[in-house]
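In: Sequence and predicted structure below; questions after.
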Amino acid sequence: MKNLLIFLALTISYIVNSQECTYTFLGEISDFHDGTPINQATIYSKSLDKYYVSDSHGKFKVEDLCKGILDLVVSHVACETKKISIVIDADTYKSIIMEHHIQDLGEVSIKSFGINKETKTGQESIIKSDVINKYSAMSLGDVLKEVQGVSSLNTGSTIVKPIINGLHSSRILIMNNGVRQQDQEWGIEHAPNIDINTASQISVIKGSGALAYGGDAIGGVVVINPNRVINKDTVYGRTIIGGQTNGSGYNITSTINKNYKSGWFGQVQGSYKINGDFKAPDYYLTNTGLNSKGISARFGKNKFESGFELYYSYFDNEIGILKSAHIGNIKNLATALNAPVPLFTDDLGYDIIEPKQEVEHNLFKASYYKRFKNFGKVDIQYDYQNNQRFEFDIRRGGRSEKPAVDLKLQTHTVSVNAKIDNNQEQKHNFGLLARYQNNFANPDTGIRRLIPDCDKYDFGIYTTNEWSIKDNLIVDSGLRYDFSRIDALKFYRVSAWENQGYDEDFRDIIVGSVVAGEVINDVINTNASQYLTNPIFDFHNISASIGIKYDLNDNQHLSLGYNLASRAPNASEMFSDGLHHSAARIETGDIRIDSEHSHRISATYAYNASKFNLQVESYYNTINDFINLIPSSDGIIPLIRGPFPSWEYTQTNASIFGLDVTTNYQITENLNANHKSSFIKGYDKKADLPLIDIPPFITTNSISYTNSKWHNFNASLQSEWVFKQNEFPNEYNYTVAIANEDDINVDLSPPPAYHLMHIQGELTLPVFKQSNLNIRLSVDNVFNTKYRNYLNRLRFFADEMGRNIKLQLQLNY
Amino acid sequence: MKINFLNFKTMKTTKFYASAFLGLILLASCSSDDDSTPAPVEEEEAITSIVLTFTNQADATDTVVLTWDDANLDEVIDAGEKTVTGEFNTGEVYNASLDLFNIDRDFLEEDITSEQAGIDAHFFVYGATSVEFTMERADDDFTRSDNNKLGVNTVWAAGTTASTGDISIQLFHESPSVSDADGFGTAEGTDTDIDISFGVEIE
């Protein structure tokens, strides 16, 4: 009020002395989010060549103005610089609104050194684009292993599924540019269908703390983001060309961006990758070729107050599966296990024959956001995914051309999210999600469906909140409810139906009988070979999280967290019934299986100083009703193909705990040492046995030399030491009794420890104007060490890849 | 503590939420109306029945028939599905011929022997444990491109002492190498389509 009086007084006095250049402009700067005045903002007038500073009320005054247009540039340390033009034909007042906390814009934040974390208190690690670029020729699962505590479950070298703190598949949630990836991740040999070259930043959040993405991420969340949009008139791009000796592979990827100051942007990206048969130190890994293609395009408008984006990506992978891994029965597995050299070791070159996978993934997304004054930001999004999976097996009579598995999964999702950030101390986020998914299993395969035709409906509602209680204390929390309905149409062989005891419990879900290859609806026929059933199951799940982060001082912080996550069973856990060829076992799901619930507590200590960094992450995850695939009491079943062990999905209570440590030490200006190690244990508490497929202790240590004067020269030497997993459920080994012959022992226990050395060197040369060329040469497995990896499902059949020399050229322009 | 996250300042925002929420509810309530019956799949390549018929070269009425018939089509060799009729006589020589079926379809003919590629991709291996037999592959057997005989038509000579034991049949698919040198056959390979044995008697 006082200011207004002064303003009025001044105005009057100027009117009295009315001349040509006597006008006054009064500006008042306030924050977009909560309307508070912005103090100490700098205002520059080019025509007057004068600077002004706003006062504690956010006000400033420009005097002695002539008629005309006044151009001002308003800037503030934590704001986006703003240009305004005012027509001056009288004394003028204008309210100027500035965006005060730029880090929430998805722009580069000053506080966090260009890194945008998804959580405030969670165990989160970020992989930046320079690291991702190194993995241009590899897969998502490979790059994620950069994070301590992340390992992978492989099928050969090219099918790589991430394991976060011992958990994988449906227990990991992957967000691909804001879209939850839906690509039949339940399958143990189904790797994420994501082109690593579309990613610019990847966040790995251990545990289920990121509730806005889902409540069922018992293992963790992977958030893949494309590069940020810059509001600048510019064109830029990147091309990577690589080649490698092992598998005679080569790859190319290119991205071009066009951005405008007005906020419009567009991006086109494409990748192509091919390799032939890989080679273990002593022999070729026949039929391990890969052929991968990806394209993506983005376009939209990114303004502060509103914006939209359209995104489309296509990814196609044709992956050969080691020929020697195609086996018949459990006796064949024993033969393969005892063979010094795999059965097939010829080099097919780039040819990919059966068994192989061909997977296509299409993703389309449309999103829109708007910011509301004194409120926050509202996002609305629709996305559609189409995942087509073909698996080809060695068949007969020309049927090898025909897929043995032909599944199409289509997913539609609509989501709304509101972020309320008008109060810097308390931020609230809430949202809703509805999803419809349809799985279609094509019957033309001539092989019984792996997964039945199925509709799935999901509805989720959540809130996440963040409080900055003190400067050094942040608390965040979240609560989420999910509803899922599975509505399937599944055929059961009558013998399996009865064997499972379903004839007692689920008689009412039978909707037809198969007699002589035809379905008779609404009948339970005693001569039926199969029943058609319509299981409909609803799941209601609650998940929650709470975490605190306390800065002990400028160098140290401590975080504590508790996450409750609940996951409904997936289609495989409920409906599997049949042979899993590559595992040489019969796998049986159970429709009685209910949701599993995880209680995860975690504690993190971090020390960050200029020369030394240390991060220690510990966790204890108790999973009640843990869905586990274990050998069933049926033992070994004599099939016409030979004896097969029977495995079944059951629920138990599990506990998984561990420790992930990272340290980095800057020895001298040029020399840096890095250490990472992960220790993990997992137990089935009901059976009192170790869990299967838990990563062994692993430690990687590297030393690197960097000299920025020599064209950013960098060379590093890395040691990767993987211990033997000494806790294996030996009860899972088989003894197969053969009539009138010796028993066959099938020993599936873990392979010995191994140690690998890797080296790499790189240079960045300036080429043309504003362009540079990065040249990278690396050698993986320098000593051509022969080893087998416990977490590779093909370890029973062949050694891992031997030495691989890679050359990669990256042109940034 | 100030909690103002439900304090929607403008009517516009409220309307926006309301319409977005309504949209979601509508989408969520769309039920599947395509309840069309999916087609059942019977395993095209499953062998559902095996018949190995032995006929005495000297006496066509002296036969031994080993049969497995997967009545419930579950691919499991259930206890009641195997039958053995007849016994071998000591010192006699038998011609054996094999038949395979996928329900009513002649699997052996259609999927294996109709094309040379099918013959080349397969090999039968027999075994006799605790019963004395020598065997060879018959002249009218199918011959693979590597000159090994497939093992569909075989000749079995029973030993001179009475015994009981097992005869086993294995079918190997795409074996890297096979040999019919000892009649019974050996195959290097890890992909078997048949692995079954029958209890028999020589008297």
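Out: Done, it's in.
In: Name the helix or strand for the residue most central in space within chain B, please.
Out: Residue closest to the average C-alpha location in chain B (C-alpha atoms, centre = their mean): B:I47, at 4.0 Å. Assigned by DSSP states H and E, B:I47 belongs to no helix or strand.
In: try B:L100
Out: Here B:L100, judged by DSSP H and E, is contained in strand B:93-102.
In: Buried residues, that strand. List them.
Out: B:Y94, B:N95, B:A96, B:S97, B:L98, B:L100, B:F101, B:N102 (16 or more other C-beta atoms under 10 Å in any protein chain shown). To be clear about C-beta, it is placed using only N, CA and C from the backbone, and glycine gets the same treatment.
In: just stretch B:146-159 next, same as before
Out: By 16+ other C-beta under 10 Å, the buried positions in stretch B:146-159 come out as B:N148, B:K149, B:L150, B:G151, B:V152, B:N153, B:T154, B:V155, B:W156, B:A157, B:A158.
In: pull the CA atoms of stretch A:209-220 into CSV?
Out: Only the C-alpha atoms of stretch A:209-220 are listed here, as CSV (Å, rounded to 0.1, in the frame of the first residue of the first chain):
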residue,chain,number,x,y,z
GLY,A,209,9.5,-46.1,-4.1
ALA,A,210,8.4,-44.5,-7.4
LEU,A,211,4.7,-45.2,-6.8
ALA,A,212,3.6,-42.8,-9.5
TYR,A,213,4.8,-45.4,-12.0
GLY,A,214,3.2,-48.5,-10.4
GLY,A,215,2.8,-50.3,-7.1
ASP,A,216,4.1,-53.7,-8.1
ALA,A,217,7.8,-52.9,-8.7
ILE,A,218,9.1,-55.2,-5.9
GLY,A,219,12.5,-55.3,-7.5
GLY,A,220,12.8,-51.8,-8.8
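In: what pLDDT, on average, does that stretch get?
Out: Stretch A:209-220 shows a mean pLDDT of 94.
In: again with stretch B:53-64
Out: Averaging pLDDT along stretch B:53-64 gives 96.
In: Check the offset of that stretch from the chain's centre.
Out: Relative to its chain's centre, stretch B:53-64 lies at 27 Å (C-alpha atoms, centre = their mean, to the nearest Å).
In: same check, this time on stretch B:150-165
Out: 23 Å.
In: Strands along chain B, start to end?
Out: With DSSP state E as the criterion, chain B has strands at B:49-56, B:63-69, B:82-85, B:93-102, B:105-106, B:122-129, B:133-137, B:153-158, B:163-173, B:177-179, B:186-188, B:192-202.
In: so where is the stretch 51-200 of chain A shaky, pLDDT-wise?
Out: Within the stretch 51-200 of chain A, the stretches with pLDDT under 70 are A:78, A:80, A:100-116.
In: Pick out the residue of it closest to chain B.
Out: Chain B sits closest to A:I97 of the stretch 51-200 of chain A, with a gap of 14.6 Å, by C-beta to the nearest C-beta.
In: Okay, now the sheet partners of the helix or strand that contains that residue, with direction.
Out: A:I97 is part of strand A:92-98, with elements assigned from DSSP H and E. For strand A:92-98, the paired strands and their directions (DSSP bridges) read strand A:23-31 (parallel).
In: tell me which residues in the very next helix or strand once past the strand it pairs with are buried?
Out: Beyond strand A:23-31 on the C-terminal side, the first helix or strand identified by DSSP H and E is strand A:42-45. By 16+ other C-beta under 10 Å, the buried positions in strand A:42-45 come out as A:I43, A:Y44, A:S45.
In: neighbours of B:A117, just the number please.
Out: 13 (other C-beta atoms under 10 Å in any protein chain shown).
In: got it, and A:S529?
Out: Using other C-beta under 10 Å: A:S529 sits among 21 other residues.
In: before we move on, back to that, per-residue confidence at the residue nearest to the centre of chain B?
Out: Reported pLDDT at B:I47 in the predicted model: 94.
In: residue contacts, residue 199?
Out: Just going to use chain A. Listed by C-beta atoms under 8 Å, 6 or more residues apart in numbering or on different chains, the contact set of A:A199 reads A:S129, A:I132, A:L140, A:I224, A:N225, A:P226.
In: Actually, chain B is the one I wanted.
Out: B:V84, B:T164, B:G165, B:D166.
In: These: which ones sit near chain A?
Out: B:G165, B:D166 (C-beta under 8 Å from any C-beta of the partner chain).
In: Which one of the contacts of B:G199 is nearest to A:I542?
Out: B:D166 (58.0 Å; C-beta to C-beta).
In: who does that closest one bridge with?
Out: On the basis of DSSP bridges, B:D166 is bridged to B:T129, B:G199.
In: Just the pLDDT for it.
Out: With respect to pLDDT, B:D166 has a value of 94.
In: Now that A:D780 has come up, it's in contact with A:K806, right?
Out: Yes - in this structure A:D780 lies within contact range of A:K806 using C-beta atoms under 8 Å: 7.0 Å.
In: Tell me, how many residues neighbour the nearest residue to A:N527 once chain neighbours are set aside?
Out: Among residues not flanking A:N527 along the chain, A:V515 sits closest, at 5.6 Å (C-beta to C-beta, 6 or more residues apart in numbering or on different chains). By other C-beta under 10 Å, 16 other residues sit near A:V515.
In: Is stretch A:493-509 in proximity to chain B?
Out: Yes - for stretch A:493-509 and chain B, the contact criterion (C-beta under 8 Å from any C-beta) is met by A:R493, A:V494, A:S495, A:A496.
In: longest strand anywhere in chain A?
Out: strand A:612-639.
In: can you give me the angle that one makes with strand B:192-202?
Out: 40 degrees (axes from the mean of the first three to the mean of the last three C-alpha atoms, to 10 degrees).
In: From B:P176, how far off is A:K356?
Out: 19 Å (C-beta to C-beta, to the nearest Å).
In: So those two - more neighbours on which side?
Out: Ranked by neighbour count (other C-beta under 10 Å), A:K356 and B:P176 place A:K356 first, with 22 against 15.
In: farthest-separated two in the residues of stretch A:493-509 next to chain B?
Out: Across those, the longest distance by C-beta to C-beta is 7.5 Å; it joins A:V494 and A:A496.
In: Low-confidence regions, chain B specifically.
Out: For chain B, the stretches flagged by pLDDT under 70 are B:1-35.
In: What pLDDT is listed against A:I394?
Out: Here, the pLDDT recorded for A:I394 equals 88.
In: give me the element it is part of.
Out: For A:I394, there is no enclosing helix or strand under DSSP H and E.
In: give the contact list for it.
Out: Going by C-beta under 8 Å, 6+ apart, A:I394 touches A:H326, A:E354, A:P355, A:S400, B:H173, B:E174, B:D191.
In: Now the phi/psi pair for it, please.
Out: Per-residue torsions, A:I394: phi -80, psi 110 (degrees, to the nearest 10).
In: Now for the nearest residue to A:R795 once chain neighbours are set aside, how many residues are close by?
Out: Of all residues not flanking A:R795 in the chain, A:R788 sits nearest, at 4.4 Å (C-beta to C-beta, 6+ apart). Using other C-beta under 10 Å, A:R788 has 17 other residues around it.
In: need the contact list for A:R788.
Out: Taking C-beta under 8 Å, 6+ apart as the test, what A:R788 contacts is A:P751, A:P752, A:Y754, A:R795, A:D799, A:E800.
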